[in-house]
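Peer 1: Okay, sequence plus prediction incoming.
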Amino acid sequence: MSHQIKFWAVVPAAGVGKRMNAYRPKQYLELAGKTVIEHTLSRLLQANVFSAVAVAISAEDPYWPELEIAEDNLIITAPGGKERADSVLSGLKAIREKANDNDWVLVHDAARPCLTTNDIHLLIDTLVNDDVGGILALSSHDTLKNVQDKSIIDTLDRRTIWRALTPQMFRYGMLKSALEKTEGNHRVTDEASALELMGFTPKIVEGRPDNIKITRPEDLALAQFYLDQQWEQQ
Ligand code: C5P
């Protein structure tokens, strides 16, 4: 009997968000009446495609057990890791009994609460028959510089430069093996980079610019603005 391909989501949510200088990790800051991570997880659940959503949470996190969404039937809690890639690997391990190597996994940052259902479906529809998978990305409008010691070494050709967003969509088996083989490598700052180091060439799918990652304090107000805009457009 052939296995029906399933879709899984993995959400790394074990970061402390130092650049926010906030009183709690950024995924638990308030945004439009809920925490950032509740928005993020609701968006994934609303897409209605995932067999489960594995969320990697730090062992010292007192906020997660207080959220109602942590009890949702589709949510699986996994231990967080030292780096983002370790947290993603932990999320993958939490579903290993259920997932098949050919199933698709969409990894999405907890700190990106403005992801739209349309972008989730666009990514899936574009890549579902691809051999490797790929990521949502945005072209760069700014001119980008390669800098060392505050001096410009050269200017990158922005026609070929894209900013990596999430979700990033790869086959369960290929992603797990790439993350295991590249464990501890500081060049692995997203899933695609682990696959690239294995010699694969992931695709990019143009995403929406409002899929921002909450990183600095001013990003919360921007996220609020984008959520309001999305609600108005509904
Ligand atoms: O710090 P940064 O914004 O790059 O983090 C991206 C995502 O990875 C966040 O959702 C954060 O919670 C998560 N993360 C993690 N485990 C770590 C570091 C970051 O799950 N050790």
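Peer 2: The structure has been received and is ready for your questions.
Peer 1: quick one, what contacts K26?
Peer 2: Counting by CB atoms under 8 Å, 6 or more residues apart in numbering, K26 touches G15, G17, M20, V36, A111, I214, T215. (Each C-beta comes from the backbone N, C-alpha and C, glycine too.)
Peer 1: and which of these is nearest to the ligand?
Peer 2: Taking CB to the nearest ligand atom as the measure, the ligand lies nearest G15 of the contacts of K26, at 2.9 Å.
Peer 1: what's around that closest one, how many residues?
Peer 2: If you count neighbours by other CB atoms under 10 Å, G15 ends up with 19.
Peer 1: Off-centre distance for stretch 117-124?
Peer 2: What separates the centre of stretch 117-124 from the centre of its chain is 13 Å, taken as CA atoms, centre = their mean, to the nearest Å.
Peer 1: Next up, the contacts around the nearest residue to I135 once chain neighbours are set aside.
Peer 2: Sequence neighbours aside, Q168 is the residue nearest to I135 in space, at 4.2 Å (criterion: CB to CB, 6 or more residues apart in numbering). Q168 is in contact with L106, V107, H108, G133, G134, I135, L136, D190, E191, A192, P202, counting by CB under 8 Å, 6+ apart.
Peer 1: in the one helix or strand Q168 maps to, what's buried?
Peer 2: According to DSSP states H and E, Q168 maps onto strand 162-171. For strand 162-171, burial by neighbour count (16 or more other CB atoms under 10 Å) applies to A164, L165, T166, P167, Q168, M169, F170, R171.
Peer 1: Likewise for stretch 46-60?
Peer 2: Using 16+ other CB under 10 Å as the test for burial, stretch 46-60 gives A47, V49, F50, A52, V53, A54, V55, A56, I57, S58.
Peer 1: Quick check: the third one touching A9?
Peer 2: To tie it back to what came earlier, the one meant is F50. Yes. The criterion here is CB atoms under 8 Å, and F50 meets it with A9 at 4.7 Å.
Peer 1: Can you pull the residues that touch both of those two?
Peer 2: Residues touching both F50 and A9 by CB under 8 Å, 6+ apart: L44, L106.
Peer 1: returning to that earlier point: so for the strand holding Q168, what's the average pLDDT?
Peer 2: Across strand 162-171, the average pLDDT comes to 98.
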